[in-house]
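In: predicted coordinates and the sequence they were generated for:
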Amino acid sequence: MALTREAYRALEDIVGPENISEEPANMAGYAYVFMVQPYMQSPAEEYFMPAWPEAALLPGCTEEVQAIQRVCNKYGIKSHAFGTGWFPGSLAGSPNTITLDMRRMNRIVEIDEKNMIAVIEPYVAVGQLHVECIKKGLRPHVIGPGPTTSSLASHAACCGMGPSSINTSHSSRNILGVEWVLSTGELLKMGSLGQSGEWFSADGPGPSLRGIMRGYMGSFGALGTFTRIAIKLYPWPGPTKHESTGRSPCYDPIIPERMSSYICSWKSWDDMHEAQYMITEAEMTYSGDRAVAAWHGAMMTESNQEFYELWQKGILQKNAFAFGIILGGHSDGEIEYQEKCLKAILEKTGGWIDEELEKVPHAVGSNYWWHLWGGEIIKGIFRGTGSFFCAATGDDTIDNACFGSYLGDTLMKPYIDKGLFLQEVHNVWGSNLYEQATIGSHHEPLYQYDPFDLESTKAAIKLGFDSVGAAITEGVGLGFFENAGEMAHTMTSPHAHDFHKYMKKIKRVFDPNTASDPMGYCEPE
Amino acid sequence: MSNRPVLICGETEGDGISSSTLELMRAGKKIADDLGAELSLVIIGNNISGIADEAASYGANKVYKIESPLVEKFMADLWVGALEKLCAQVNPKVLLMSHTNIGMEVAPRLAFRLKTRLTTDCTDLEADKAENLLLCTKPVYGGNAVAIFKYKEEPHFATVRKKIMAPAEKVSNKSEIINVAPDMDASAVKIESLKIVQEDAVSLDKAEIIISGGRGIGGSEGFKELEEMAELMRKSSGSVVEIGGSRPAVDLGWLPSSRQVGLTGEKVSPDLYVAIGISGATQHLVGMMRSKKIVAINKDKKASIFNIANYGIVGDYKEIIPAFNKKWRELS
Amino acid sequence: MAQKDELTKIIGKKNVLDDQKTLDAYSRDESFVIPVRPSCVVKPTKNTEVQALIKWANETGTPLVPVSSGAPHYRGDTIPATGGAVVVDLSKMNKIIRVDRRNRVAMIEPGVTFGEFIAALDKEGLAAHMPLVPRSTKSVVGSYLEREPITMPRHHWDPQDPLLCMEVIFGDGHLFMTGSAAGPGTLAQQWENKRAQIRPMGPAQTDFQRVVQGSQGTMGIVTWLSVKCRVKPELKKSFLVPAKKVEDLLGLVQKMQKVLLGDDCLILNSHNLACIMAKDSSEVATLKDALPPYVLFISAEGRGVSPEDKVAYQVNDIKIAAQANGLIPLEALPCGLSADDVAAALAKPSDEPYWKNKAKGACRDIFFLTTIDRTPKFVKAMFDQAESKGFSPNDIGVYLQPTVNGTSCHVEFNLNCDSNNKAEMAKVKGLVNDSLVFANMGAFFSRPYGSWSDMVYRRDGETATFLKKVKTIFDPNKIMNPGKLCF
Amino acid sequence: MKIIVCAKQVPDPEAPYTAVQVNSDTKEISTKGVAPVINPYDENALEAALRIKDENGAEVVVISVGSKISQAVLRRSLAVGADNLVVVDSPQFKSLDSSSIAYVLSKALEKMGEYDLILTGRQAGDWDLGQTGLILGEILGIPTVNLVRSVKIEDGKVVAEKILPGAYELVKSNLPALLTVSSEVGELRYPIAKRKIQAYKQPIDVWSAEDIGVDSDKLVQIDMSALMPPPDMGRDCQFIEGDSPEEKGKNLASILKGG
Amino acid sequence: MALIDWKADMVRCERCSNCKWVPWQKGPGLEFAQVCPSISKHNFHAYSGAGRYHSSLAYVTDKIGYTEGWLDIIYHCQMCGACDITCKTNRDMEPQEMLLALRAQCVEDGQLVPALMDVMEGLKAEDNMMQSKKADRGNWAKGLKVKDLTKEKGEVLYFAGCRISFDKELQKVARTAISVLKKAGVDVGIFGKEEACCGGRSYEMGYQGEIESFSENNAAMFKAAGIKKIVVSCSDCYHSFKVLYHKIGRKLDIEVLHITEYIAQLIKEGKLKFSKSVPLRVTYHDPCHLGRLGEDWIPWNGVEKKVMGQLVLHDPPKVFRRGKYGIYDAPREILRSIPGVKLTEMKRIEEYSFCCGAGGGCIDSDPDYSLWVAKERITEAKTTGAEAMVTACGWCERNFSDAVNETGDALKIYDIIELVEQAI
């Protein structure tokens, strides 16, 4: 169902003819995203989102977004805004929806060095923000998918764990100020912003609307559009510029003074997790994150072929239970403390730093980039087979992550044995030890499948579905994919105090005309 | 033996049967034998008894003769009508014509009327004995590919390229000659023939040496240079030397169309073919690639004519040909 | 009385009180809110009773006012705003359900006080994240639900810290668990699977606990919280950094937050520090005179595999940072007050009398959020205000607490007063109610008690509108503490 | 005077031979990286029509039948002077055989109404069958002349030079009539720049199979039992060397004379 | 390979968007961080490498057909290779090849752009991309005493290319090149009016068939003249001779040198010495075809295979061209060796350089867009504080000069050879 001409003209008047399109070839770009089949539980040969947007708009400012939203309410259209569109939930998925590509809103409004706050618009990429922040000795939280993703999107509306979560938490916890165009077109400036135009806090007055805005996962455009947010920044121990040597495809970082990059290994999940307890208690790393052998190997090599050759040497398998660590001290004393702790912890837990692995070209460097801002991840998780999905993710204690890791291995194994995924058991990513693991540890048993191979994709779809069931029956907890979208909620909500019923109420109350795409969130009550 | 014959629609040439018809008769005989069918021939014209008699010596079972003063000259409308009626009468299994101007005009119209499918300009015919069908081989895409068509519709109908097959030879058994009532109506003629103008009675296919010019010659003036060369060669070798040309040379009016070599002109295979200023579009190559020796002279090194030439000279023919002629004279 | 009978059925006779004395006690507090007597006070002992109570309240349209801490109350949030309300006093729900050393988390009921909590944690080798010297009757759950700041900004990642998960019975009567506690599985099953209810986010795409926190009991009643604890340090080095002006200290504070140095980090003026450290009012006066006008208290704790090294490098770095700002961290002030003594005082609830009441018997607070760099202008404004209203600057305590890793700062002025001095109380009331002055300067009254709620919701009508919508979701019949905030 | 020119889109017959790829498995021919063109013989027909237009004034309408017809290619006909373009495009029209194309054309002509003269190329550069025009003439039942090299309108009649071997026949016919045009007519004129721009903007008629009431049961595709690349006639060309063109010419004479 | 043969890549593109950005390891901040001219201007996702993958997937799976908008997306691309390189820092995919196949498919399907049809008509008739007369091609060399290699033999050919031959303002580049080479004692010759297009631009416009005949012609002409070394000033020609001819199976057995490579070599050998100072702050623009697209073609003919379950490998192993070996150092070495010249780099350089805007036919099909891109680059150049931007390709120089003329910027645009001559 195409937009009525009247509605189209109304939208066109807002953004100008060059910033609106309903060209099918253009819409294809807004209907495609990786892992769509397992995420949407759609057929293996269906590469696109079930519903294509009716039009795409490129708003240039908050007022335009508000005006668009009012048009949506008037004409019974849904909108769905996204930042960089990396995740399936970020794309429009319901019929009669227009997509708002926030690309033209790409300003860093402010980096407040003294108060460690950055105010950003939707299309500021994490990598850009990182570069601008380190000029001031600070860094933003970075989610796993890395530098190309929108910082605003992951903080405000998507999901948000990353390699440095140990010190930069979960994206939902870094929000200080929010400018929110609600589905109705009304503008909500949360917290201190609404009171005095300052960006330092979004909680209150009274109850915090941050709780409605998002939870563990964001609302994926279902509650309106976030046009500007303020986020917390964190310490950066390095220099004011990222430097690297070499030419594509692998750029080796010049690892700054008082920073170091290690891949530490243990002989089992249990030993590794024991070490994680010690690492977090000692508060001694700049970043720390589980290093899945297969994709860490991919990150340090220039091609699949090179990776395969490395794999055949057996070095990676020898380090199957590995945890990548970046140390970073603001002083000599701090880095010495960190190095000493690491050594002691390895000793106590029977861990090691594999010399042979460190000698692999780019090994230390790729680990550094990955931890710095999620760089190299594309090599790691996509180059091998083209896509990935997750089995039974969870977020609670490190011990629970360990429990989940065993479960993940078990769930994936039959498929891996049949050659349907990339061969590697123990590919549980995560151990994003948020806030030194005080608010949990994320784990994602991820499996790499080939979306071009129908059998592989079918397996991915099946395991994706079964994983939600396993999360419930095995009690590993509700993690990532179990937590977003109507379909997952229908399965999980009855086992979690019917949270879905409240979400449906929220959707109805905040978006009375369903003028925002409910696909990634839930249908209204 | 099936009573549905392989029917050949013959053409006359002067007072005799045309050479292309004889070629068809050889091909048709083989098809007829393979399909277990009779071979029949039809001749249309005025005062053609002699020709029919002659035609009866080439191995056909029957020769149909349609005689009428209305077809003194070739009249497409009348031919189509007459053949339609004959086919209704003899119900041929296979119908063959030469890919001549007559065949080109009559066959498609006849095919339409007979509600069958036609393959034109075939270079080979073969019977598919298993399925009792006709396999028609035909160059397509200007000669860039060769296709084999096999249609179920009857009569299996093809026009066949000249000079591809050897002519039939005389046999001792005479064909039965059957007179067919012409049943022609002058009013069926919708096209009034005002006159026929003879232009240039050349038979490129009989030439031993062809000096051909293309767009690169630059104008009709240029062909004089070529004519001088041809004359020299004629004198010194005693061979039949003719001037030919590519389609552009003809289309631009530098040469009469009878001298066109190529897909829509003559297909030739002389002992020596000298292509001057011809880039070598496939449509031209199709007409001369079977020549025994090919010499190409072209300014443009990228011209594809060089790909099929034995000798090539990159350069301006205006400088090359006089020098060639001079040297040739010296050597003669 | 029908109401009492019904309540008795739900809660049991001994936990339903409606004697005048009790009702009077619950009708007023130390704030300036208008006293309203509840119709009844109930003291449930378990969550099922709370749930039944809320269902009953929905059926009967009875307002419920939850209370966790013991008296004295200071904010007016536990005083009914309408007549006929039932106060739900949760002090009898005072179990410490679980202390998990390994995962640094504890699960407690609302009636647990800081004193009880600290003791229980200490046994397991943990320590609580402390607000500034709470009164002994203060409920831990109450403090955390009110978003009272803690003294260690480095561990304060989010305004909701150290609150993690909760069990809440929403105003609609639905029992709910937030964060990773939500499920699947009962708590026992979760513990079995090594879960400890430490992930605050969710479930799914909503952070329900954020809506409950700061709601002053208007969304539902919390029946337990899981809370972040820290490992009890094996050693701790504390310092007092004296300064004449607040401004002088801010460079060091910001530097420490920016590079994650130290644990405790707060600024007190001489008055407040004296109140905390002195035994009684007379000692307050002498101590105060001996103290520098402002003191920054900082500490570095050692824990983990190499506690000594951790403390050592931090002390060194703090000293360098202090020096760069022209400051000297002292183990003891010239007057003899040692940093360790202060550390000890901050690690426990207040001795009696409550330090805020120590100087003059009573105290009223003005507090709000801003950023560290903006604090001096507010301090100046407070004293200017006091001067203009004729309130003695000598009676003003100043407490500056960086929060959320230093991205914001809690500014608190403690107006020490004598409740019997009507003229003085009128001035205090005037100062508290005139907080618009601060709001106009950018102060963010994120916890709008009493008269402040009108001020903030008038300033930001959109937020009020949407909070009201939220309220309809969780408390459709508006039985939870009606009349508070914008409800 | 309304002249209909039937024009087919074909792969460029003048594509470099190396760009022509014959896929025997799929029985498809592609000209890799070469744009399709209007069948050159149909361009000749268009040129003939335009000359009549120059001489006598006429409305020239170009009609094309096919599947996925490129407007960019066909609009060239407008750029050189045709008045209107009708594109009859349907997936069903993919590789139709001659009689089917003639049938579709006849249906389109029905929709178009009156006409005086139909010109088609003698054959199309893809299949080189040379049937469509003649069959269309049969369907329409109008006078048909094959292989003409000149067309004129005289006193409301068409007079054409029909090509015969070594001769031509001057023929005359009443209108409406159909003539198939041979390349001897001459190449299609070049468009002038101004018209080109207009041509890309001019509205054209695009009709579907339904629009003209085609009975899809009557459509027959070209089918082959085999498709092969042509036999390799490549010869190893010996380039005659020489420091000047004259020398090269002499050397050639020596070689030919010698052997 | 045909478009459909790239379907696996289309499906496996996960939308990471690296194709839009300068490699992150190079630390692009807020400014000049985007590497793709097309998405920079048009903003809709489909105008990026990934977007073209997705729209192509829709096309090959019959979800979309040819529309004006789809063609707009396809033809508003400089084919500059930026997305190819940035994609390939992470992936084993071939965006550039897919884009080429897409264009070729369009051309075969007659989905053409009028302006490019005109250019092609010109190319077919006059053997050049400039819609000019073949007869005028040698005019730039009038009055120069230089060997005509169509008449005599020689080892070093200077190949001017269409742009430099016909663009009157750029003819100086060729004349200067000849003069510099002669000063260095190089016995250089030219083809003059007999020179024909290299065929490379038409290849990138989608008319991949044309290069067949041009490559055949050029190879034969090179051979006939006995050439051992071709020197070009035009980066497009460089890319054609070195890369494309090899790719289409007509690898030249002749050394192909860009003039910058040759000059750098002559400097090293001491055959070229700079005696004059050229006091100028410059920045250097890497032409796409000399830089990232200029590395050797690596032939591969094989199939995809899977190991370790689903790991995508190739049999035989495929070596991807990732822009590592383009010509980046030679021009910089030259600039550094010219006394007085001070080189400051822009943010987007070498394999992640930003296109000048002229490529892929855009200069003909949408000159405004082409200029917009050039202006973006000029803005970037100005931030370095340079007085002049030096480049090494006629197409870049043309587009930059036009942009500077339009904006009135004081920034000077030079071909590197001009500075070389000033310094001798």
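Out: It's in.
In: and residue 206, what element?
Out: By default, I'm working from chain A. In the assignment (DSSP states H and E), A:Gly206 maps to no helix and no strand.
In: hmm, it is touching C:Trp452, no?
Out: No. Counting by C-beta atoms under 8 Å, A:Gly206 does not reach C:Trp452; the two are 10.2 Å apart. In short, each C-beta sits where N, CA and C put it, glycine included.
In: out of the two, which sits in the busier spot?
Out: A:Gly206 (30 against 24; other C-beta atoms under 10 Å in any protein chain shown).
In: for that one, give me phi and psi.
Out: Phi and psi for A:Gly206, reported as degrees, to the nearest 10, are phi 80, psi -140.
In: excluding chain neighbours, what is closest to it?
Out: C:Leu485 (4.4 Å; C-beta to C-beta, 6 or more residues apart in numbering or on different chains).
In: the one you found: neighbour count?
Out: 29.
In: likewise B:Lys292?
Out: So B:Lys292, with other C-beta under 10 Å, has 11 neighbours.
In: name the nearest residue to it, ignoring sequence neighbours.
Out: That would be B:Asp271: by C-beta to C-beta, 6+ apart, it lies 4.9 Å from B:Lys292.
In: gap between the residue minimising distance to the centre of chain D and D:Ile63?
Out: Centroid-nearest residue in chain D, with C-alpha atoms, centre = their mean: D:Asp42, separated by 2.5 Å. Distance of D:Asp42 to D:Ile63, given as C-beta to C-beta, to the nearest Å: 10 Å.
In: go on, C:Asp373?
Out: Applying C-beta to C-beta to C:Asp373 and D:Ile63 gives a distance of 78 Å.
In: between these two, which has more neighbouring residues?
Out: D:Ile63 (26 against 16).
In: stretch B:122-132: which residues count as buried?
Out: Buried residues in stretch B:122-132, counted by 16 or more other C-beta atoms under 10 Å in any protein chain shown: B:Cys122, B:Thr123, B:Asp124, B:Leu125, B:Glu126, B:Ala127, B:Asn132.
In: out of the residues you listed, list just those in helices.
Out: Among the buried residues of stretch B:122-132, no member falls in helices (criterion: DSSP state H).
In: reformat those as CSV; add pLDDT and distance to C:Lys9.
Out: Shown next, in CSV, are the buried residues of stretch B:122-132 (pLDDT from 0 to 100; distance: C-beta to C-beta, whole Å):
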residue, pLDDT, distance to C:Lys9
B:Cys122, 94, 105
B:Thr123, 91, 106
B:Asp124, 91, 106
B:Leu125, 93, 107
B:Glu126, 91, 104
B:Ala127, 90, 105
B:Asn132, 89, 101
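In: of those residues, which are in range of chain C?
Out: Among these, no residue lies close to chain C (C-beta under 8 Å from any C-beta of the partner chain).
In: from those residues, which two are the most distant?
Out: B:Thr123 and B:Asn132 (22.2 Å; C-beta to C-beta).
In: now do the SS call for residue 230.
Out: In the absence of a named chain, this looks at chain A. With DSSP: H, G, I helix; E, B strand; the rest coil as the basis, A:Ala230 sits in strand.
In: beta partners of it?
Out: A:Val119, A:Gly177 (DSSP bridges).
In: re earlier: pretty sure the residue nearest to A:Gly206 contacts C:Gly217?
Out: No. Look at C:Leu485 against C:Gly217 with C-beta under 8 Å: they stay out of range, at 9.9 Å.
In: packing partners of the strand or helix carrying the residue nearest to the centre of chain D?
Out: D:Asp42 belongs to helix D:40-56 when assigned by DSSP H and E. Where contact means 3 or more C-beta pairs under 8 Å, 6 or more residues apart in numbering or on different chains; DSSP states H and E, helix D:40-56 is packed against strand D:2-6, strand D:59-66, helix D:76-80, strand D:117-121, strand D:144-154, strand D:177-181.
In: return the distance of it from the chain's centre.
Out: Chain-centre distance of helix D:40-56: 12 Å, with C-alpha atoms, centre = their mean, to the nearest Å.
In: what is the mean pLDDT for that helix?
Out: Averaged over helix D:40-56, pLDDT sits at 96.
In: ditto for stretch B:191-200
Out: 90.
In: intersection of neighbour lists for D:Asp42 and D:Ile63?
Out: D:Val5, D:Cys6, D:Ala7 (C-beta atoms under 8 Å, 6 or more residues apart in numbering or on different chains).
In: quick one: contacts for the second one?
Out: When the contact criterion is C-beta under 8 Å, 6+ apart, the partners of D:Cys6 are D:42, D:45, D:62-65, D:105, D:118-121, D:132-133, D:136.
In: how many neighbours does the spatially closest residue to it that is not a sequence neighbour have?
Out: Spatially, and ignoring its direct neighbours in sequence, D:Cys6 is nearest to D:Thr120 (4.4 Å; C-beta to C-beta, 6+ apart). Neighbours of D:Thr120 under the rule other C-beta under 10 Å: 30.
In: D:Thr120 contacts D:Glu43, doesn't it?
Out: No. With contact defined as C-beta under 8 Å, D:Thr120 does not reach D:Glu43; the gap is 11.4 Å.
In: touching stretch E:240-255 from outside, list them.
Out: Outside stretch E:240-255, the residues touching it (C-beta under 8 Å, 6+ apart) are E:159, E:198-200, E:203, E:211-212, E:215-216, E:218-219, E:222, E:227-230, E:232, E:256, E:293-297, E:299.
In: so how far does that stretch reach from one end to the other?
Out: 13 Å (C-alpha to C-alpha, to the nearest Å).
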